[in-house]
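**Student:** can't give you the sequence, but here's the structure:
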């Protein structure tokens, strides 16, 4: 059963980190598009966030907690495990609680009557960039703690 949960853990990380990289590159590329095309890209980014990043973060946290149960039956919990859990849970909270809803709001925007980006676009895009970067950094810190810093 451990192998199954490890598979789910890896699939979740692939979805979370892979989706995050895809969204990041899409956002960078979309800067040079017309307003209509840019909003179309943000609609796709909302789908990727809702379909990969959010569920991936949930899978990682749930499977990670299940995989950690044997460690909590001992008197001491390894530092690498605690770091992985703290970084992973914080990253998932940011990804699910801030990044996913912000992506959904960006995906619902339409051009203003002049054919330009709506006024709320810049603020939402900035919020998305900051918190998606934070969630990604926390996810990578969790990955490092569970791999490179595992003793």
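**Tutor:** That came in fine, so what should we check first? Bear in mind the structure is a predicted one, so any value in this text is a computation, not a measurement. Numbering: from 1, shown residues only.
**Student:** ok, and what's touching stretch 93-103?
**Tutor:** 16, 23, 42, 45-46, 49-50, 53-54, 57-58, 124, 127-128, 131-132, 134-135, 138-139 (CB atoms under 8 Å, 6 or more residues apart in numbering). No exception for glycine: its C-beta is placed from N, CA and C like everyone else's.
**Student:** just the buried residues from the residues you listed, in ChimeraX please.
**Tutor:** Selecting only the buried entries of the contacts of stretch 93-103 in ChimeraX, with 16 or more other CB atoms under 10 Å as the criterion:
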select :16,23,42,45,46,49,50,53,54,57,58,124,128,131,132,134,135,138,139
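**Student:** show me the contacts for residue 53.
**Tutor:** 15, 16, 19, 20, 23, 95, 99, 100, 103.
**Student:** quick one: the helices in this protein, in order.
**Tutor:** 2-30, 35-48, 54-72, 79-94, 100-107, 120-146 (DSSP state H).
**Student:** so which of those is nearest residue 114?
**Tutor:** Closest of these to residue 114 is helix 35-48, at 9.5 Å (criterion: CB to CB).
**Student:** still on that earlier bit, type out the ChimeraX command that picks the buried ones from the contacts of residue 53.
**Tutor:** Here is the ChimeraX command that selects only those of the contacts of residue 53 that count as buried (16+ other CB under 10 Å):
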select :15,16,19,20,23,95,99,100,103
